[in-house]
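K.L.:
next input, structure requested:
(chains A and B)
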Amino acid sequence: MLRKLLIGTALATSFAFSAHAADVKEVQMLHWWTSGGEAAALNVLKQDLAKEGYAWKDVPVAGGGGDAAMTALKAMVAAGNYPTASQMLGYTVLDYAAAGVMGDLTETAKKEGWDKSVPAALQKFSVYDGKWVAAPVNVHSVNWLWINKAVMDKIGGTEPKTLDDFVALLDKAKAAGVTPLALGGQNWQEATMFDSVVLSTGGPEFYKKAMNDLDEASLKSDTMKKSFDNLAKLVTYVDPNFSGRDWNLATAMVIKGDALVQVMGDWAKGEFHAANKTPGTDFLCYRFPGTDGSVIYNSDMFGMFNVPDDRKAAQVALATATLSKSFQSAFNVVKGSVPARTDVPDTDFDACGKKGIADLKKANDGGTLFGSLAQGYGAPPAVANAYKDVVSKFVHGQIKTSDEAVTELVKAIDDAK
Amino acid sequence: MSTVAETQIKLTPEHDARPGASVRSRLQDLLPKIVLAPSFAATIVFVYGFILWTIYLSFTNSKTFPSYDITGARAYQRLWRWTFESDPPSSWYTSITNMGIFGFLYIGICLALGLFLAILLDQKIRGEGVLRPIYLYPMALSFIVTGVAWKWFLDPGLGLEQTLHQWGWTSFHFDWIKNKDFVIYTVVIAGVWQASGFIMAMFLAGLRGIDGEIMKAAQIDGATTFQLYRRIVIPLLRPVFLSAFIVLAHLAIKSYDLVVALTSGGPGGSAWLPSNFMYEFTFKRNEMAVGSASAVIMLMTLTAIIVPYLYSELREKPR
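P.N.:
A predicted model of the protein is given here:
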């Protein structure tokens, strides 16, 4: 009995020591990139770090999705047990920074020149109070059309340049007996599409005022009503069975040729790749009509926590590797997004990726790079969700007219502020 | 939870009174208390402690993280205002009306169906051993599995409607799960399917416990079968009704996962229950104070229904 106890204690102690020693050379990472393509993309980073001698340790999250991860993160931070870094979105980074739990990467940022290479719009979320607190991994943009080329050829369509063109194209598809627009009737998908509709209807200036600055006059303006009317118009082109459908099922409809087009962020490209489809020959990527030159973005970030000193070296290594040009290129080629710095060569990217990189650069220089409200980069989560509620209720008929919609939108956003 | 407390109180006076008991017997007396103490302490902290904490948070302006400055009842004011916003319906209005519809139908249909099936199974039929588990097994599934299975079954493009169309009945139309006004009834259907077998088993146990002599006496007095059940059996099953009601009521309140798996919130959030509202606001929208306030309101509503019922049912048992 006594001997067993002694052995047990010895074992436990040795475990404790080895765990302690490993801490320094280990990156503890909380993320929800567990599905095929995403996991493969992340593997690139794991290998980069392994070359430098840092072990990778996933923080387990029960349940998988981003919500579960955020709940787990909240609990870890409340317990004072910070991971080295966590995948984070938009305002979450700022919330945690305001709570004073984020680390400071400013030195690394200076050395690596992030200030210049990372688009200013992104720095709004990765820099808090003058300090770098997060490393952006990629830039997704949501104002894309994904079109099945075979169907497009069959109906003899061309790239729509305006909303009217787009509606005409959808009519053609309808006449040919295909579902014109593939949409998943979940509030974030409807709102993501509406982001593009607002940008197209009101132009870049209007989008910024209404969706990022939340200017009340713009929110209840006639332009906003027009945007809702345009959304209602587009929704008449979806199949009756759209409500509740997951986004990747909607993408699958386009891949299979059951539907002509989906309005979705560039993560949809991952689905086309997984189905062995090539841009240009099997599918087409166009900017949402009337939004060429502007980019509505969201971005994945690795938030860096204020870890004890003996773990800081690993954190710096992670941040440096994350924003290295080689990883930015390798990762984003797989993920479907574009690099979070504008000086990465686009040689490895496909046609859509090349266009995405060029567009991002243009939008960054021209000041037309805007946060997506639906994706939580336009306003804090409370406001973003209030917005999604209103859009979704409008799509599904609880809110009946565009007049009512703008009134509700102003009220809901006021309430959530 | 209350049983723990009661057991302890009962144990204390009887046993401790004996003077000069040996160490061994004293230890034996203490043993139940020692064994129960951890779970008792855990319950106090993790159930009642956190209830108090939630109530506290609902009066703060907690957003992403808990904040501890009391700032008044703004969260309750907002909920109160939302309670009356029916056109277009606020999320809270949708949640509570759905809770009313779902709770009433789910409990009502489960009780009725469970009792009916139990009475049929109690007719000394052959193959009862096979039939009983068939009805009971859905209870072994989690709400998530039930939700996903019914989601596919009810989906007009995949399940029932599609199949019947393929069989030639093309005018058949059943799209409740996609319809904002009817989606909550699909939650009722799936919930009833899952729980009614379990309720049947409870009633069946109750029926088997009824003394055959009473039934025979009633039959000799000339009671019809209907009268027999109406006047004798169902009144005798009253304790089972109580247990079944409590089981169903708490399942109804907890049905969060069923709504998520079956409808992912429904078109425009039209299938939300208060539990969805609470989770959504606390963890997704970073409005912890509002989430806490809604949790407190759920608790109070439940208390207002269950406590009088428990009181009236338990008081009449002097034994």
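K.L.:
who in the stretch 101-250 of chain B is up against chain A?
P.N.:
Counting by CB under 8 Å from any CB of the partner chain, the positions of the stretch 101-250 of chain B adjacent to chain A are B:155, B:156, B:157, B:175, B:177, B:178, B:180. The way it works is simple: take the backbone N, C-alpha and C, and place the C-beta from them, glycine included.
K.L.:
filter those down to the buried ones and hand me the ChimeraX line.
P.N.:
Filtering these down to the buried ones (16 or more other CB atoms under 10 Å in any protein chain shown) takes a single ChimeraX command:
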select /B:155,156,175,177,178,180
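K.L.:
which residues touch residue A:291?
P.N.:
Contacts for residue A:291 (CB atoms under 8 Å, 6 or more residues apart in numbering or on different chains) come out as A:143, A:196, A:199, A:200.
K.L.:
10 Å instead?
P.N.:
A:141-145, A:163, A:195-201, A:203-204, A:207, A:359, A:368 (CB atoms under 10 Å, 6 or more residues apart in numbering or on different chains).
K.L.:
check it and give its pLDDT.
P.N.:
Listed pLDDT for residue A:291 reads 93.
K.L.:
please report the distance of it from residue A:215.
P.N.:
Using CB to CB, to the nearest Å, one obtains 20 Å as the distance from residue A:291 to residue A:215.
K.L.:
low pLDDT regions in the stretch 301-417 of chain A?
P.N.:
Regions of the stretch 301-417 of chain A meeting the criterion pLDDT under 70 are absent.
K.L.:
most proximal residue of it with respect to chain B?
P.N.:
Among the residues of the stretch 301-417 of chain A, residue A:396 lies nearest to chain B; the distance is 3.6 Å by CB to the nearest CB.
K.L.:
contacts only, for that residue.
P.N.:
Counting by CB under 10 Å, 6+ apart, residue A:396 has contacts A:185, A:187, A:190, A:235, A:242-243, B:178-180, B:183, B:266-270.
K.L.:
phi and psi next, for whichever residue of the stretch 1-150 of chain A sits closest to chain B.
P.N.:
Residue nearest to chain B within the stretch 1-150 of chain A: residue A:95 (4.4 Å; CB to the nearest CB). Main-chain dihedrals, residue A:95, degrees, to the nearest 10: phi -60, psi -50.
K.L.:
could you do residue A:138 as well?
P.N.:
According to degrees, to the nearest 10, residue A:138 has phi -160, psi 170.
K.L.:
what's the answer for residue B:125, then?
P.N.:
Dihedral angles for residue B:125 - degrees, to the nearest 10 - are phi -90, psi 160.
K.L.:
so it makes contact with residue B:117?
P.N.:
No: counting by CB atoms under 10 Å, residue B:125 does not reach residue B:117; the two are 11.8 Å apart.
K.L.:
who touches both of those two?
P.N.:
residue B:131.
K.L.:
which of these two has more residues huddled nearby?
P.N.:
residue B:117 (20 against 9; other CB atoms under 10 Å in any protein chain shown).
K.L.:
find the nearest non-adjacent residue to the more buried one, please.
P.N.:
Distances taken as CB to CB, 6 or more residues apart in numbering or on different chains place residue B:200 nearest to residue B:117, at 4.2 Å, with adjacent residues excluded.
K.L.:
give the next helix or strand downstream of the helix or strand that contains that neighbour.
P.N.:
Secondary-structure element containing residue B:200, defined by DSSP states H and E: helix B:183-208. The element immediately downstream of helix B:183-208 (helix or strand, assigned by DSSP H and E) is helix B:212-220.
K.L.:
which outside residues touch that following helix?
P.N.:
Contacts of helix B:212-220 (CB under 10 Å, 6+ apart): B:211, B:223, B:224, B:225, B:227, B:228, B:229, B:231, B:232, B:233, B:236.
K.L.:
let me know the pLDDT of the third one.
P.N.:
Right, residue B:224. 86.
K.L.:
before we move on, what about the fifth one?
P.N.:
Among the per-residue scores, residue B:227 shows a pLDDT of 87.
K.L.:
so what's it up against?
P.N.:
By CB under 10 Å, 6+ apart, the neighbours of residue B:227 are B:218, B:221.
K.L.:
can you tell me how far it sits from residue A:370?
P.N.:
Using CB to CB, residue B:227 is found at 74 Å from residue A:370.
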